[in-house]
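Peer 1: generate coordinates for the sequence data below:
(chains A and B)
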Amino acid sequence: MMFSGTKQSINKMIPLGVLVSSFVLVSNFLASPVLAAPAELGAVKGDLTGGDPLGSMQWPDMKGQFFEADAKTVFDSRIKVTVPLFAEDAMNVPVSFDASALGNVKKIVVLVDRNPIRKVLEFIPEKAKPALNFRFKLEQASPIRVAALTESGVWHVGYAFIEAAGGGCTVPGATRADGSWPQTLNKVAGKMFDANQLRDDARLRVQVSHPMDTGLVAGVPAFYIEEMILQDKNKQVLAKLYPFEPVSENPLFSFDFDKKPVGPISLVGRDNNGNRIDAKVTQ
Amino acid sequence: MNLCKAVRAMFAASTLALAAGPVLAELPNIAKPTPDKTTLDYGLKATKLAGGWYVIAGANDDFSQVNGCNIINTGFYVDDAGVYVINTGTSRLYGEQQRALIDAVSKNKPVKQVVALNLHPDYFLGNQAYPTEALAATKLTIQGIKAEAALYETNLYRLCGDWMKGTESVFPAQTIAPGKLNNFGSKAIEILELKGHTDSDLVLFDPESKVMWAGGLVFYKRIVTTPHAKLKPWIESLKKLQAMKPKVVVPSHGPVSWGGEAIDQTLDYLSWLDKRLTDAANMGEEMNDVMKQGAPERFRSFAAYPAEFYRNVTNLYPLYEKQALGGF
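Peer 2: Sure, this is the predicted structure:
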C-alpha cells in the first residue's frame, strides 16, 4: 500500500473519505480533467484560484513562482495529461502528456501544486514530439500542471488531478528502494520501438540508474539528475530534459518522434553532484 | 436373528461411512461474516470442513471500513488435546473475536499453536489474543513481519479506522521448518514452504481429508495482490499445488473452492499477467496504457477488479520494462 510517515502526519494530511472514495472509483480508468475534478469547483470560484479549472488556490502562487511577472498563461485542455485513477505507489506515479495539438512547442514545464518541491521537470522537445511519459514522487493528492510555451509566447497549461494517500516524498528509507546504485550510477539502458498497432510514432524509452534523492529525508542530501540531452547518430540534439528532485528513482522516460531518428542514439548529461552521464542508448 | 443381522448391517454401514468420512463428498455451504460497524463486531462464523478443520471465511472484497477489513480466510483444527489456528486476522479485535468463536466450538480447549502462513498484516495482526509461545511462522516470514509490521499498522489504521483500536504487532517466536509441523495435533500434516506471492508462502495440506490451506498462493474469484510477488516462481508453486490434487482448497481471499479450481484460476490469471506485461514492455507501452487496457473479460468479474489489477501493474511492470530495455 501507500508509504506514509507517522500515524499523526497521515491523519493530518488526508481525510479518510478521500482514500475510501479512491477505492470506490472503479469506472473510467483515465482521470481526465473532467472526470477527476470535483464538480462543484471551477472558474466560478473566481479570483482566489486565478481561473483554475481544478479550483486550486495555489495556482496564483505557482504562477508567480514559476513564470515571469508578465507571462501570459491560459488553461488549455487540448494538452492531454494522463494520470492513474489513484497513486498506488506514491513514489512512482506514472504521468503521460501530449501537447501536439498546440503545434510548435518551445518548452514544457511540469509542476505539482501540493508537492514540497513543486517543479518536476523541464522539457525542450527540439526534434521530439511535445509529449513525454515518466514517473514521479507525489506527496499528497494534488493537481498536476503541464505548461507548454508556444512560439507566440503564451504558456498553455494542461492539467489533471491525482488522488493519493500521501507520504511520497518524505518517507525515510524509502527514497532509494534500489541499493545497487553505487555500482550502476548513471548507467543507461534504452530501446527504440517502431510504430505499431498502438502508436503511429517511433518511441524511444530511456532509463538511467540513479537514486533521485529529494533531500527531504533527514540525513540524505538531494541527489538527482539535472540534465539529459538526447542526440542522434550525427550528434544532432533530439531533445533536452531537465529533471528535478521529484522524478522517481531510476527514471524511465518515453520520447515519441513523428520521424524515427537515425541511430545510434546517445545520451549526455549530469547529476547535481557533477557526475556525468555519457552513454549509448541504442545500437 | 433378523434383528441381529440388521444391527450388524447398520454397524457395518456406519463403520464404512466413518472410514470414508474424512473426505468431503461436496463443498458445504460456507457461512459468510456479518460485520457490524457500530458495534465493531466482525460477525465471524466458523464452517466445518472435513477432517476436523473449520474455516472462518472473510468477505470477498477490498479493504473497507464496512467489511472491517476482514477479507482474509482464517481457520482452525480441533482435536482432543487442543486447538490449532491458521492466521489471526487483521486486528486485535478480530483475534479476540476469533478466539471467542474458537473457544465456543472447541469448548475452551487450549490453543496449542497459531500459524501465520505469510508476513501480510491480515495473517498476524490478531496475535494479541493468543499466548505468545503458541505463535509460529517460518524464519523468512518472521523476518518479514518484523521489518514491515510498523508500516502495516499505519496503513491499516488509516484504511480501517476504529476496527484497528488497540492493535499492536506481536511477533511469532516459534520457527516452523518445512516438512513436519510439531504440535499440530494428532494430524500428520504436510507443510510446504513455497514462494511467489511472498518469499515464504506456507501451505498446509492434510492428506487424509485432502483439505489444503493454500494461503496467499491462491486467490479465488478475486484479483491477486502483488506487493511482494514474483510471477514466475509463483506459477511454479501453483503447478506443485495442482499436482497434490486437493479436494478442498482454502485460498487466502475469496470463497473456499472445490477441487483445484481456485489453483487453476490463479494460475490462469498469473500466466496471462506475465505474458501481458512481457508483451507490453516489448512494445514500449507505458504504465498508464497497460492499466487502461485492463484484463480479459473472464477476470473482470473478480472481486477488487480493476483497482487490484492497477496495483499489479504498478508493482510489477517496472521490472518488465527494465528487462525489455536490457537492464544496467
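
Peer 1: going by C-alpha atoms from here, please, whenever you check contacts or count neighbours.
Peer 2: Fine.

Peer 1: and residue 247, what pLDDT?
Peer 2: If you meant another chain, say so; for now it's chain A. Looking at A:Val247, its pLDDT stands at 97.

Peer 1: other chain: chain B
Peer 2: Reported pLDDT at B:Lys247 in the predicted model: 95.

Peer 1: the residue of the stretch 51-200 of chain B found nearest chain A sits in which helix or strand?
Peer 2: The minimum distance from the stretch 51-200 of chain B to chain A, using Cα to the nearest Cα, falls at B:Thr154 (5.8 Å). Of the helices and strands defined by DSSP states H and E, B:Thr154 is found in helix B:139-160.

Peer 1: same question, B:Thr314
Peer 2: Assessed by DSSP H and E, B:Thr314 sits inside helix B:307-325.

Peer 1: packing partners of that helix?
Peer 2: Using 3 or more Cα pairs under 8 Å, 6 or more residues apart in numbering or on different chains; DSSP states H and E, the elements in contact with helix B:307-325 are strand A:188-193, strand A:202-208, helix B:261-282, helix B:287-293.

Peer 1: could you dump it to CSV, C-alpha only?
Peer 2: What follows is helix B:307-325 as a C-alpha-only set of coordinates in CSV (Å, rounded to 0.1, in the frame of the first residue of the first chain):
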residue,chain,number,x,y,z
ALA,B,307,-8.2,-1.5,-8.6
GLU,B,308,-6.1,-4.5,-7.7
PHE,B,309,-5.2,-5.0,-11.4
TYR,B,310,-3.9,-1.4,-11.4
ARG,B,311,-1.9,-2.3,-8.3
ASN,B,312,-0.5,-5.4,-10.0
VAL,B,313,0.7,-3.3,-12.9
THR,B,314,2.2,-0.7,-10.5
ASN,B,315,4.0,-3.3,-8.5
LEU,B,316,5.3,-5.5,-11.4
TYR,B,317,5.5,-3.6,-14.6
PRO,B,318,8.8,-1.7,-13.8
LEU,B,319,10.7,-4.9,-13.7
TYR,B,320,9.4,-6.0,-17.1
GLU,B,321,10.2,-2.6,-18.6
LYS,B,322,13.7,-2.7,-17.2
GLN,B,323,14.3,-6.1,-18.7
ALA,B,324,12.9,-5.0,-22.1
LEU,B,325,15.5,-2.2,-22.2
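
Peer 1: list the buried residues for it?
Peer 2: Of the residues in helix B:307-325, B:307-318, B:320-322, B:324-325 count as buried by neighbour count, 16 or more other Cα atoms under 10 Å in any protein chain shown.

Peer 1: repeat that for stretch A:72-91.
Peer 2: Going by neighbour count (16+ other Cα under 10 Å), the buried part of stretch A:72-91 is A:73, A:75-77, A:79-91.

Peer 1: so where do the strands sit in chain B?
Peer 2: Using DSSP state E, the strands of chain B run over B:46-48, B:53-56, B:74-78, B:83-86, B:111-115, B:135-137, B:174-175, B:190-194, B:201-206, B:211-219, B:248-253, B:257-258.

Peer 1: flag the shaky bits of chain B, pLDDT-wise.
Peer 2: Filtered on pLDDT under 70, chain B yields the residue ranges B:1-22, B:180-183.

Peer 1: then the stretch 101-250 of chain A?
Peer 2: A:165-177.

Peer 1: with adjacent residues omitted, what lies nearest to the residue in the stretch 51-200 of chain A that chain B sits nearest to?
Peer 2: Each residue of the stretch 51-200 of chain A has a distance to chain B, by Cα to the nearest Cα, and the smallest belongs to A:Gly190, at 4.9 Å. Distance criterion Cα to Cα, 6 or more residues apart in numbering or on different chains; nearest residue to A:Gly190, sequence neighbours excluded, is A:Val206 at 4.3 Å.

Peer 1: so the one you found touches A:Ala189, yeah?
Peer 2: Yes. Contact between A:Val206 and A:Ala189 holds when scored by Cα atoms under 8 Å: they sit 5.9 Å apart.

Peer 1: give me the common contacts of the two.
Peer 2: Taking Cα atoms under 8 Å, 6 or more residues apart in numbering or on different chains as the contact criterion, the residues that touch both A:Val206 and A:Ala189 are A:281, B:325.

Peer 1: next, count neighbours for B:Ile102.
Peer 2: Look at B:Ile102: counted by other Cα atoms under 10 Å in any protein chain shown, it has 25 neighbours.

Peer 1: could you do B:Ala147 as well?
Peer 2: Applying other Cα under 10 Å, we find 12 other residues in the vicinity of B:Ala147.

Peer 1: who's in contact with the closest residue to chain A within the stretch 201-328 of chain B?
Peer 2: For the stretch 201-328 of chain B and chain A, the shortest gap (Cα to the nearest Cα) falls at B:Leu325, measuring 4.9 Å. When the contact criterion is Cα under 8 Å, 6+ apart, the partners of B:Leu325 are A:189-191, A:205-207.

Peer 1: looking at those, which has the most residues close by?
Peer 2: A:Gly190 (27 neighbours).

Peer 1: doesn't A:Leu230 make contact with it?
Peer 2: No. A:Gly190 is not in contact with A:Leu230 according to Cα under 8 Å; the separation is 11.4 Å.

Peer 1: point out the residues in the stretch 101-250 of chain A that sit beside chain B.
Peer 2: Residues of the stretch 101-250 of chain A lying near chain B by Cα under 8 Å from any Cα of the partner chain: A:133, A:184, A:187-191, A:193, A:196, A:203, A:205-207, A:209.

Peer 1: most widely separated two among those?
Peer 2: Maximum pairwise distance in those, criterion Cα to Cα, is 31.8 Å, between A:Thr184 and A:Asn196.

Peer 1: any idea which element A:Phe123 lies in?
Peer 2: In this structure, A:Phe123 sits in strand A:119-124 according to DSSP H and E.

Peer 1: CA atoms only: put the next helix or strand after that strand into CSV for me.
Peer 2: Using DSSP H and E, the helix or strand that follows strand A:119-124 in sequence is strand A:131-136. What follows is strand A:131-136, C-alpha atoms only, in CSV (Å, rounded to 0.1, in the frame of the first residue of the first chain):
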residue,chain,number,x,y,z
ALA,A,131,5.0,14.5,-25.4
LEU,A,132,6.6,12.6,-22.6
ASN,A,133,5.9,9.7,-20.2
PHE,A,134,7.7,9.5,-16.8
ARG,A,135,7.1,8.6,-13.2
PHE,A,136,7.5,10.9,-10.2
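
Peer 1: grab the nearest non-local neighbour of the most centrally placed residue in chain B.
Peer 2: What sits nearest the mean C-alpha location of chain B, by Cα atoms, centre = their mean, is B:Ser252, with 2.3 Å. On the basis of Cα to Cα, 6+ apart, the spatially nearest residue to B:Ser252 that is not a chain neighbour turns out to be B:Gly215, at 4.5 Å.

Peer 1: same thing with B:Met283?
Peer 2: Take B:Met283 and drop its neighbours on the chain: the residue closest to it by Cα to Cα, 6+ apart is A:Phe193, 6.6 Å away.
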